[in-house]
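Q: Sequence and computational prediction follow.
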Amino acid sequence: MERLSYLFLLLENLALKGTAVQSSIFYICGAAKAIDGIRYSPSGTPHPAETHTYCSITDYQLNPWWRLDLLDSYYIYKVTITNRADCCPEQTSGVELRIGNSLEKNGNNNPRCGVTSLVPGGSSVSFSCGGMEGRYVNMYLPNIQMYLTLCEVEVFGTGNF
């Protein structure tokens, strides 16, 4: 286990090199805000502009999704998702993390690495994906009408050699 922890220290956050899109955009909360390298989630009762500055949020819709294009295929070992702290922890509950090379159904048909449970406000949750191969990393809320909020998504992996 110590060796695996050491491996994570050597891996870079691939998300910083990628581009992101999402199914819709709430206000000014575009997909790129979740890969800006700022693991910040507003807390307390901030001015709404704080959340809009730091977090990606879709509109309230059926099956919202967010997709990161790493621009090349990688072996993904760890993905960390940070939730907002000011409200609405349900907006990251039940999110399916999917990794693969297909854009079928906007990438939401790729193999699943994990599913979030309720992520407390302002917290981060990490998934060990065991070296799943893929160019696309998706966050997908299936079969529910909801906002999807992500304040930061970090993806750690190695090149596909």
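A: Nice, thanks for sending it over.

Q: Roughly how far does the residue lying closest to residue 61 once chain neighbours are set aside sit from residue 83?
A: Of all residues not flanking residue 61 in the chain, residue 24 sits nearest, at 5.7 Å (Cβ to Cβ, 6 or more residues apart in numbering). Yep, even glycine has a C-beta here, placed from its N, CA and C like the rest. Look at residue 24 and residue 83: by Cβ to Cβ, to the nearest Å, they are 19 Å apart.

Q: neighbour count winner among the two?
A: Of the pair residue 24 and residue 83, residue 83 is the one with more neighbours under other Cβ atoms under 10 Å, namely 26 against 14.

Q: Look up phi and psi at that one.
A: Dihedral pair for residue 83: phi -90, psi 160, per degrees, to the nearest 10.

Q: give the contact list for it.
A: Counting by Cβ atoms under 8 Å, 6 or more residues apart in numbering, residue 83 makes contact with 41, 89, 91-92, 119-125, 149-151.

Q: Where in the chain is the helix or strand with the lowest mean pLDDT?
A: Sorting the helices and strands of the chain by mean pLDDT, DSSP states H and E puts helix 2-10 at the bottom, at a mean of 52.

Q: what's the following helix or strand after that helix?
A: Per DSSP states H and E, the first helix or strand lying C-terminal to helix 2-10 is strand 12-13.

Q: Please list the residues outside that next one that contact it.
A: So strand 12-13 is contacted by 37, 154-156 (Cβ under 8 Å, 6+ apart).

Q: hmm, try it at 10 Å
A: 35, 37, 39, 78, 80, 152-158 (Cβ atoms under 10 Å, 6 or more residues apart in numbering).
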